[in-house]
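Enquirer: Need coordinates for the following:
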Amino acid sequence: MKKLISLLLLLTTCLSLFAMTSCGSEYRLGLGVIYNATNPTDALGGEGDEVDLGVTTATYTVCAMTLDKDGKIVACTFDTLETKLQYSHDGKAVEITSLKTKREQGKGYGMVEWGGSTLEWFEQADAFATVLVGKTKGDIASLATADGKGNSDVITAGCTITVSDFVKAAEKAYAAAESGTVVKDSAVTLSVNSTQTKADATADANGNVTVNTTFEASVGGNKVSASYKAAVTFDASGKATVPADGVITAAN
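Expert: Below is the predicted model of the structure:
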């Protein structure tokens, strides 16, 4: 009888621990993307590197995040995609040679080698992410100062770059996570995949350069994603034109 009681107590304890572990291991997954684009310039004839090219720059800042049951940030990661959409004065679309994000460029991004920074871009983004861990919704905005830089905690962590878009992307990711997918782990990964299409302008039709990008946050087998399009159109003389939905479009 004593052995039976001992076994029952042990079983009860194990079940209780299992229940506590299961409850504690539930998180919510969120993804937030912030989009910006510069006004396009007309292409001008001339000589030298890129003198005759019209251009607009499309920039995305993205945050993938997990929250615990108390609404605290458990893990997050950031990336930025910045790409130039270009065209020539004779209406030719220019091939984009690289669609790597700043994180994918790693040390090749050059903040240390060429910018004199102590930490590379991805290291500074990770430093900002560490400050976010343990924070809740109301804490995020306070991490940026009026000039867009980080507060003292962010600077001390090693992030000295402008963080205003990080904050916006984190707020968007947090809002998505509040009602987002329930996952069993907190470790989140982020992927960015881009493809481009282009067409030269003719006397009868405008040309275009278009970049389609999908951002995906994942935890185990659970994934959330968002897809965007950046596009610029131009005529046969390299003059930027305004399509019905605007020169640069972003569609989620």
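
Enquirer: Now do the same for A205: helix, strand or coil?
Expert: Assigned with DSSP: H, G, I helix; E, B strand; the rest coil, A205 falls in the coil class.

Enquirer: Grab the nearest non-local neighbour of it.
Expert: Nearest residue to A205 in three dimensions, chain neighbours excluded: A199, at 8.0 Å (CB to CB, 6 or more residues apart in numbering). For every residue, glycine as well, the C-beta is placed using N, CA and C.

Enquirer: Quickly note the distance from the one you found to L81.
Expert: Per CB to CB, to the nearest Å, A199 is found 22 Å from L81.

Enquirer: in stretch 111-126, what's buried?
Expert: Buried residues in stretch 111-126, counted by 16 or more other CB atoms under 10 Å: M111, S117, L119, E120, W121, F122, E123, Q124, A125, D126.

Enquirer: residues contacting G106?
Expert: E120, F122 (CB atoms under 8 Å, 6 or more residues apart in numbering).

Enquirer: my guess is it is in a helix, correct?
Expert: Yes - G106: assigned to a helix according to three-state DSSP.

Enquirer: what about A43, how many neighbours?
Expert: Other residues near A43 number 26, with proximity taken as other CB atoms under 10 Å.

Enquirer: Just give the number of residues close to the closest residue in space to it that isn't next to it in sequence.
Expert: Excluding its sequence neighbours, the residue lying closest to A43 (CB to CB, 6+ apart) is G238, at 2.9 Å. G238: 22 surrounding residues under other CB under 10 Å.

Enquirer: What does the pLDDT read for G238?
Expert: For G238, the model assigns a pLDDT of 94.

Enquirer: same thing with D52?
Expert: Looking at D52, the pLDDT reads 81.

Enquirer: Quick check, central residue of this structure?
Expert: Closest residue to the average C-alpha location of the chain: V62 at 1.6 Å, with CA atoms, centre = their mean.

Enquirer: Wasn't that one part of a helix?
Expert: No - V62 is assigned strand when assessed by three-state DSSP, not a helix.

Enquirer: Please name the bridge partners of it.
Expert: Per DSSP bridges, the residues bridged to V62 are V33, D79.

Enquirer: any idea how far I161 is from it?
Expert: Applying CB to CB to V62 and I161 gives a distance of 16 Å.
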